[in-house]
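A.B. asks: any chance you can model this:
(chains A, B, C and D)
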Number of protein chains: 2
Amino acid sequence: MSVPPLCEAFVLHFGEMGSRWGINRTVGQIYAVLFIAERPLCADDIVDRLGISRSNVSMGLKELQSWNLLRQRSIPGDRREFFHTPDDIYAIVRTLVDERKKREIDPTLSVLRELLMRSPESESERHAQGRMREMHDLIELLTGWYAEVQKLETERLIQLLSLGSRIVKVLDVKDRLFALPGGKRSSPTDKGN
Amino acid sequence: MSVPPLCEAFVLHFGEMGSRWGINRTVGQIYAVLFIAERPLCADDIVDRLGISRSNVSMGLKELQSWNLLRQRSIPGDRREFFHTPDDIYAIVRTLVDERKKREIDPTLSVLRELLMRSPESESERHAQGRMREMHDLIELLTGWYAEVQKLETERLIQLLSLGSRIVKVLDVKDRLFALPGGKRSSPTDKGN
DNA sequence: CTGAATTTTCAGATTTTTCTGAAATTGCAG
DNA sequence: CTGCAATTTCAGAAAAATCTGAAAATTCAG
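C.D. replies: Here you go, the predicted structure:
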């Protein structure tokens, strides 16, 4: 690998992390190289830096593109394509989460919904459905939250994240100020534990 | 696989999901079987249901235990160990996130910190460090938020999640009510984009 | 259209991961 | 301690994934 030592450590670590995340090592390394590069890189730049075959780079780039994680730039008079990562790291994380949701969460929800529609044919199936229902409801709660938060501009998001659990105090204040006389409370999930 | 069709679909799907999450297919299936089981299961129950070797089950259970995802129960006069998943699905997710953080996020943060300490020896290293800094700060923001939220009881967490981005309106109200004359604002991250 | 530069494809080689059966170990009742 | 039931370990087999080089396809200047 022909990158400065500082970069090498970063690239190797993200290759490792990628492989724990169901993305293969090389693809992780390619993204790491692009992420820290000063300028957009062409495929052969990546070959040089990682010391892997040209075809491997080509497949890796295709994979990353299918995740919407790359931007391309072409230089007039140069036939090569140059790739770079979005400048805004928040945008990168948003894309990553969106794609992950699309590929993993959404299909899971639809499998769960389908299974919850079926009539259980035994006591054990009935019990299993109960558990699937719990899982389904939790995933819906989380994805609903994510869908809402996703809409926020980065500025707002940071504000919210920085608050952390102190947000709860704000909620308390709100409750006290606007408490409805009837004591009406939303109970979003019926946790049958 | 000798489980009712409803359960089989669930187990197969979670095997698949597991393998996209860096957990292997079989381990995912073992957890799925335990998650929907009516009662704690011993290793041989799992062998019967999944049709895999006894040793594979043993290794899978060990793996799941290392993630703190299992509870054990022994029946007096029976030498076998019986395994089950926590009843509270929120507890399961919390454990999963905690472990994932411990194994992936924390080591990443410490690699990033170490690399940020080093003196760049070239312009490209200097630029790379800038990107690493952005990544480091974002991860810190997210883990800080998670550490705070983790402390909340499930009840409170659900309340918060159900609010979604409507929380921002609450923030607005708070700002209006308690606006400091000096216009003091915390700016948590300096995004140099 | 031609041909050089570049990218993509893909069959098979290589590497890594997962799985198994046999053997070793553990734990406990008697 | 003995003997048996249960569990764990681990070397090698099997399966899955990743990677490569060669060939095909694409792109574009001239």
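A.B. asks: mind listing what's buried in stretch A:68-76?
C.D. replies: Applying a neighbour-count criterion of 16 or more other C-beta atoms under 10 Å in any protein chain shown, one finds A:Leu69, A:Leu70 buried in stretch A:68-76. Using the backbone N, CA and C atoms, a C-beta is placed for each residue, glycine as well.
A.B. asks: that stretch: how far from the chain's middle?
C.D. replies: Between the mean C-alpha point of stretch A:68-76 and the mean C-alpha point of its chain there is a distance of 21 Å (C-alpha atoms, centre = their mean, to the nearest Å).
A.B. asks: extract the C-alpha set from that stretch and format it as PDB.
C.D. replies: Extracted as PDB, the C-alpha positions of stretch A:68-76 are listed here (Å, rounded to 0.1, in the frame of the first residue of the first chain):
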ATOM      1  CA  ASN A  68     -25.000   6.500  -3.600                       C
ATOM      2  CA  LEU A  69     -21.800   7.200  -1.700                       C
ATOM      3  CA  LEU A  70     -19.700   8.600  -4.500                       C
ATOM      4  CA  ARG A  71     -19.600  11.800  -6.600                       C
ATOM      5  CA  GLN A  72     -18.000  11.800 -10.000                       C
ATOM      6  CA  ARG A  73     -16.100  14.500 -11.800                       C
ATOM      7  CA  SER A  74     -14.600  14.500 -15.300                       C
ATOM      8  CA  ILE A  75     -11.800  16.700 -16.500                       C
ATOM      9  CA  PRO A  76     -12.200  18.100 -20.000                       C
END
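A.B. asks: quick one: average pLDDT of it?
C.D. replies: For stretch A:68-76, the mean pLDDT works out to 94.
A.B. asks: could I get the full set of strands for chain A?
C.D. replies: Here chain A has its strands, by DSSP state E, at A:71-74, A:81-84.
A.B. asks: looking at those, which is closest to B:Leu116?
C.D. replies: In this view, those are compared for proximity to B:Leu116 by C-beta to C-beta, and strand A:81-84 is the closest at 22.0 Å.
A.B. asks: double-check A:Met17 against A:Arg25; I have them as touching.
C.D. replies: No: when contacts are counted by C-beta atoms under 8 Å, A:Met17 is not listed as touching A:Arg25 (9.3 Å).
A.B. asks: what's the single longest helix in chain A?
C.D. replies: helix A:123-150 (DSSP state H).
A.B. asks: in that helix, what's buried?
C.D. replies: Neighbour-count burial for helix A:123-150 [16+ other C-beta under 10 Å]: A:124-125, A:127-129, A:131-132, A:134-141, A:145-146, A:148-149.
A.B. asks: who has more neighbours, A:Met17 and A:Arg25?
C.D. replies: The residue with more neighbours, out of A:Met17 and A:Arg25, is A:Met17; 19 against 16, by other C-beta atoms under 10 Å in any protein chain shown.
A.B. asks: who touches that one in this structure?
C.D. replies: If a contact means C-beta atoms under 8 Å, 6 or more residues apart in numbering or on different chains, then A:Met17 has A:Gly28, B:Glu104, B:Thr108 as its contacts.
A.B. asks: now those residues in CSV, with pLDDT, distance to B:Cys7 and neighbour count?
C.D. replies: Formatted as CSV, those follow (pLDDT from 0 to 100; distance: C-beta to C-beta, whole Å; neighbours: other C-beta atoms under 10 Å in any protein chain shown):
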residue, pLDDT, distance to B:Cys7, neighbour count
A:Gly28, 98, 35, 23
B:Glu104, 95, 31, 15
B:Thr108, 97, 37, 18
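A.B. asks: between the residues you listed, which is nearest DNA strand C?
C.D. replies: Closest approach to DNA strand C among the contacts of A:Met17 (C-beta to the nearest atom of the strand): A:Gly28, at 12.3 Å.
A.B. asks: residue contacts, the residue nearest to the closest one when sequence neighbours are not counted?
C.D. replies: Excluding the flanking residues, the one nearest A:Gly28 by C-beta to C-beta, 6 or more residues apart in numbering or on different chains is A:Gly18, at 2.2 Å. Contact criterion C-beta under 8 Å, 6+ apart gives A:Asn24, A:Arg25, A:Val27, A:Gly28, A:Gln29, A:Tyr31 as the residues in contact with A:Gly18.
A.B. asks: if we use 6 Å, what do you get?
C.D. replies: A:Arg25, A:Val27, A:Gly28 (C-beta atoms under 6 Å, 6 or more residues apart in numbering or on different chains).
A.B. asks: cool, A:Ser74 as well?
C.D. replies: In this structure, A:Ser74 makes contact with A:Glu81, judged by C-beta under 6 Å, 6+ apart.
A.B. asks: now the one 3 residues further on
C.D. replies: If a contact means C-beta under 6 Å, 6+ apart, then A:Gly77 has no contacts.
A.B. asks: now the one 5 residues further on
C.D. replies: Applying C-beta under 6 Å, 6+ apart to A:Phe82 gives the contacts A:Pro40, A:Cys42, A:Arg73.
A.B. asks: swap in A:Leu112?
C.D. replies: If you count contacts by C-beta under 6 Å, 6+ apart, A:Leu112 has them with A:Met132, A:His136.
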